[in-house]
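Peer 1: Generate coordinates for the sequence data below:
(4 chains)
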There are 2 protein chains.
Amino acid sequence: MAKVTIADIAREAQVSVTTVSRFINGNYGKMSQATRNRVQDTITRLDYRPSASARRMRQQSTHVVGVIVSDISNVFSSLLFSGIYTELQPAGYDVMLMNSNNSVREEHDEIERLLAQEADGLIIQPNSTDFRSYEDVTSARVPLVMVDRRPPNQPDSVTSIVSNNREACHDLVGRLADMGYDNLVVVRRLRSDLSAQTPRVEGLKQAAEERHVLMVTIGAEGQDAAWLQREIDTTLRHLNGRTALVSLMGPTLFDILTALRNLGITFPDDIGLVSFDDWRWSQHVRDGVYLLEQDPRILGQESAKNLLEQIRAKESGSGGNDPYTASRQLVLPVSIVKAPSI
Amino acid sequence: MAKVTIADIAREAQVSVTTVSRFINGNYGKMSQATRNRVQDTITRLDYRPSASARRMRQQSTHVVGVIVSDISNVFSSLLFSGIYTELQPAGYDVMLMNSNNSVREEHDEIERLLAQEADGLIIQPNSTDFRSYEDVTSARVPLVMVDRRPPNQPDSVTSIVSNNREACHDLVGRLADMGYDNLVVVRRLRSDLSAQTPRVEGLKQAAEERHVLMVTIGAEGQDAAWLQREIDTTLRHLNGRTALVSLMGPTLFDILTALRNLGITFPDDIGLVSFDDWRWSQHVRDGVYLLEQDPRILGQESAKNLLEQIRAKESGSGGNDPYTASRQLVLPVSIVKAPSI
DNA sequence: TTGTAGGCGTTATCAG
DNA sequence: CTGATAACGCCTACAA
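Peer 2: Predicted coordinates for the structure are as follows:
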């Protein structure tokens, strides 16, 4: 049973392919009710479905959008995708999702694949600190949104949607200092060259200097929970005064809690504890952990909305068919989930 | 700057399109090193990328696989996707991900979209209790894997990959009875017609009868945390003896913990607590919650592996081009994460 | 209101 | 080793 095509429908329904094509595209305008019904019936009878591949050839748009996240098993990514999908699906776009695994190389491959798919637009959570990694996209004039992270040399002509990590961290230190904390132990665990943790560290560092708080950074990149535990233990032994532990990402909080439990360290009695995380499971740990929280779903929605605008700008051709006239720089607020862990 | 095609390369490199096409597909077998280099250079110079849409037209396969999950914001779904992607990406397949939102209607739409995309195969976490919802797929002879849930009337000719929910629950009751529990309060929260919770309830119920344990089910469908709290409170007041609370899905555990805290009920002192969940955050709640756990990533990997086999079976044409000769019925074990909450 | 025919970018089948 | 050319399934001027 070979695939049924528009020609088959035309023959069976005794009409021309043009008529069938018009029907498919909803141009009933000039079509007698009779033919219309006949075509409809034949289509359902033969179980015909127009080939998306063939349509793409004749149109400039594929109605496919590509999304590359850095780690799909992280809750952040799935909520981000959820937000993206919520906007794109009703608009008639299908989404190809790729996981770059925090690797610049894999990311590059995936960008090429999506360009080969002629995706109408790309949303990327980037891994590279060098925007040149993404110039294949811009030089093809493909609508592009960079979300969650921003390469330092990214031009303003490309959309960026991020959280105000830096400021939120700055404010956090102010609060900790006001509460009487003397030291800050920051646990960082970078997984890719480019990370939202970087601006966070910067914000903490600057504020720590301003407020004369001692800041120690534990770089736990590639280290396991046991290592982290030893490191925390050693570090705390060397510090005098009141110390707050800051976890720069959710998964790290998990390891930190294990370490603290094993070490018999409690919060907020022995130390203060703060973490970035995008899901509130930790509110059930003791009396809850003080959180800095993003809303990945909103990041996703805003990304998708802007991407659609770029696509429209490109199609409408008003701005010289340049999608990047619709680009946008957006910084969303990090919100605070208060809890008695500090 | 119009899109550069294979013809442009041919012209610039002074060869025929055939040669370029051969180059693209890696058929260097019969090609002088000279032309080969010339083509390569021209391709990079003009920044040429073959059009996936056009290739699909000429081939029977699209190298695209469609995945429909029931709720992408659930950790289960993202880990499932992660497993699927891990297998499919290296095999050269791109993945379109769709979220059915636990809705049979949306799911149906998405199936149609994926069929229109001529996906080489579909992996579905189904919402419908009636397999006829999926017959559009099978009648098009498109490779299909049903994962996590199984419609009662699904034929064995279609791959099913699920966990042994029923047996795991049966065993659980045995253990609870041995430990001296008299009552079982089961919190169910179905979100779609078809759910992995159904076989779980069945397993619990059967074992409860066998072991003469009293089982009460709280159907929290569509109810919020406050409602659940009241319901738990009332139920517990009416029970004599030792009671274990069983949560049939992760998100519900979250609400249950809130309720218990608000009610001042502790575990394992006042009651026992057990939950299904696919992520171990709850090991940090008190001294940890006893869990029944699936590995969604493995479910995903197995799904993808079988899908690839079906695709190969179809292409090789050995079994009369029928992908379903490679179908498989697989039941993976639920594992137990012990913790002193019972 | 309906039909004809050419072309979208690629691959496969033949010939050289 | 390389080329010419006919499909693939659909859309859209242009005709009728």
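Peer 1: residues in contact with whatever residue of the stretch 101-250 of chain A ends up closest to DNA strand D?
Peer 2: Nearest residue of the stretch 101-250 of chain A to DNA strand D, counting by C-beta to the nearest atom of the strand: residue A:118, 13.8 Å away. (C-beta placed from N, C-alpha, C; glycine too.) Shown in contact with residue A:118 (C-beta atoms under 8 Å, 6 or more residues apart in numbering or on different chains): A:56, A:62, A:64, B:51, B:52, B:53.
Peer 1: quick one, phi/psi of it?
Peer 2: phi 60, psi 40 (degrees, to the nearest 10).
Peer 1: Residue A:127 too?
Peer 2: Dihedral angles (degrees, to the nearest 10) for residue A:127: phi -110, psi -10.
Peer 1: repeat for the one 5 residues further on
Peer 2: For residue A:132, the backbone dihedrals are phi -60, psi -20 (criterion: degrees, to the nearest 10).
Peer 1: picking that back up, which of the contacts of residue A:118 has the most neighbours?
Peer 2: In terms of neighbours by other C-beta atoms under 10 Å in any protein chain shown, the contacts of residue A:118 top out with residue A:64 at 24 neighbours.
Peer 1: related to what we said a few turns ago, the residue of the stretch 101-250 of chain A closest to DNA strand D and residue B:51, how far apart?
Peer 2: Distance from residue A:118 to residue B:51, counting by C-beta to C-beta, to the nearest Å: 6 Å.
Peer 1: got it, and residue A:159?
Peer 2: 26 Å.
Peer 1: what does residue A:163 give?
Peer 2: Separation of residue A:163 from residue B:51 (C-beta to C-beta): 37 Å.
Peer 1: Same check on residue A:144?
Peer 2: According to C-beta to C-beta, residue A:144 and residue B:51 sit 19 Å apart.
Peer 1: contacting residues for the residue in the stretch 151-300 of chain A positioned nearest to DNA strand C?
Peer 2: Going by C-beta to the nearest atom of the strand, DNA strand C is nearest to residue A:158 of the stretch 151-300 of chain A, at 25.8 Å. Applying C-beta under 8 Å, 6+ apart to residue A:158 gives the contacts A:131, A:134, A:138, A:144, A:146, A:324, A:327.
Peer 1: these two touch, right, the third one and residue A:144?
Peer 2: Spelled out, that is residue A:138. Yes - counting by C-beta atoms under 8 Å, residue A:138 touches residue A:144, with 6.4 Å between them.
Peer 1: of these two, who's got more company?
Peer 2: residue A:144 (23 against 17).
Peer 1: Who are the contact partners of whichever residue of the stretch 101-250 of chain A sits closest to DNA strand C?
Peer 2: Residue of the stretch 101-250 of chain A nearest DNA strand C, by C-beta to the nearest atom of the strand: residue A:116 (8.7 Å). By C-beta under 8 Å, 6+ apart, residue A:116 lies in contact with B:49, B:50, B:51, B:52.
Peer 1: near DNA strand C, which of the residues you listed show up?
Peer 2: B:50, B:51 (C-beta under 7 Å from any atom of the strand).
Peer 1: Residue numbers of the stretch 51-200 of chain A in contact with DNA strand D?
Peer 2: A:51, A:54, A:55, A:57, A:58, A:59.
Peer 1: Most neighbours among these, please name it.
Peer 2: If you count neighbours using other C-beta under 10 Å, the busiest of those is residue A:51, which has 19 neighbours.
Peer 1: Quick check: residue A:223 is in a helix.
Peer 2: No - with DSSP: H, G, I helix; E, B strand; the rest coil as the criterion, residue A:223 is assigned coil and is not in a helix.
Peer 1: mind checking how far it is from residue A:191?
Peer 2: 12 Å.
Peer 1: between these two, who's got more neighbours?
Peer 2: Just comparing residue A:223 and residue A:191: by other C-beta under 10 Å the higher neighbour count belongs to residue A:191, 18 against 14.
Peer 1: and residue A:333, what does it touch?
Peer 2: Counting by C-beta under 8 Å, 6+ apart, residue A:333 touches A:163, A:164, A:168.
Peer 1: list the helices and strands whichever strand or helix holds residue A:76 packs on?
Peer 2: Assessed by DSSP states H and E, residue A:76 sits inside helix A:75-88. Under the contact definition 3 or more C-beta pairs under 8 Å, 6 or more residues apart in numbering or on different chains; DSSP states H and E, helix A:75-88 sits against strand A:64-69, strand A:94-99, helix A:296-316, helix B:75-88, strand B:94-99.
Peer 1: So which bits of the fourth one are buried?
Peer 2: Judged by neighbour count (16 or more other C-beta atoms under 10 Å in any protein chain shown), helix B:75-88 contains these buried residues: B:75-88.
Peer 1: can you list the residues that contact it?
Peer 2: By C-beta under 8 Å, 6+ apart, helix B:75-88 touches A:72-73, A:75, A:77-78, A:81, A:97-99, B:65, B:67, B:69-72, B:95, B:97, B:99, B:123, B:125, B:147-148, B:250, B:278-279, B:294-305, B:307-308.
Peer 1: rerun at 7 Å
Peer 2: With contact meaning C-beta atoms under 7 Å, 6 or more residues apart in numbering or on different chains, helix B:75-88 is reached by A:72-73, A:75, A:77-78, A:99, B:65, B:67, B:69, B:71-72, B:95, B:97, B:123, B:147, B:250, B:278-279, B:296-301, B:303-305.
Peer 1: isn't residue A:267 right next to residue A:290, touching?
Peer 2: No - counting by C-beta atoms under 7 Å, residue A:267 stays clear of residue A:290, with 9.3 Å between them.
Peer 1: pretty sure residue A:7 is touching residue A:18, no?
Peer 2: No - when contacts are counted by C-beta under 7 Å, residue A:7 is not listed as touching residue A:18 (11.4 Å).
Peer 1: coming back round to it: deepest-packed of the helices and strands packed on helix A:75-88, please.
Peer 2: Among the helices and strands packed on helix A:75-88, the stretch with the highest mean neighbour count (mean count of other C-beta atoms under 10 Å in any protein chain shown) is strand A:64-69, at a mean of 26.
Peer 1: Could you check the angle that one makes with strand B:94-99?
Peer 2: 90 degrees (axes from the mean of the first three to the mean of the last three C-alpha atoms, to 10 degrees).
Peer 1: and strand A:64-69, is it in reach of chain B?
Peer 2: No - counting by C-beta under 7 Å from any C-beta of the partner chain, chain B has no neighbours in strand A:64-69; the shortest distance is 7.8 Å.
Peer 1: That strand pairs with which strands, parallel or anti?
Peer 2: Strand A:64-69 sits in its sheet next to strand A:94-99 (parallel), strand A:121-124 (parallel), going by DSSP bridges.
Peer 1: For that strand, give the mean pLDDT please.
Peer 2: For strand A:64-69, mean pLDDT rounds to 98.
Peer 1: try stretch A:294-314
Peer 2: Per-residue scores along stretch A:294-314 average to 96.
Peer 1: how many other residues sit next to residue A:135?
Peer 2: Other residues near residue A:135 number 11, with proximity taken as other C-beta under 10 Å.
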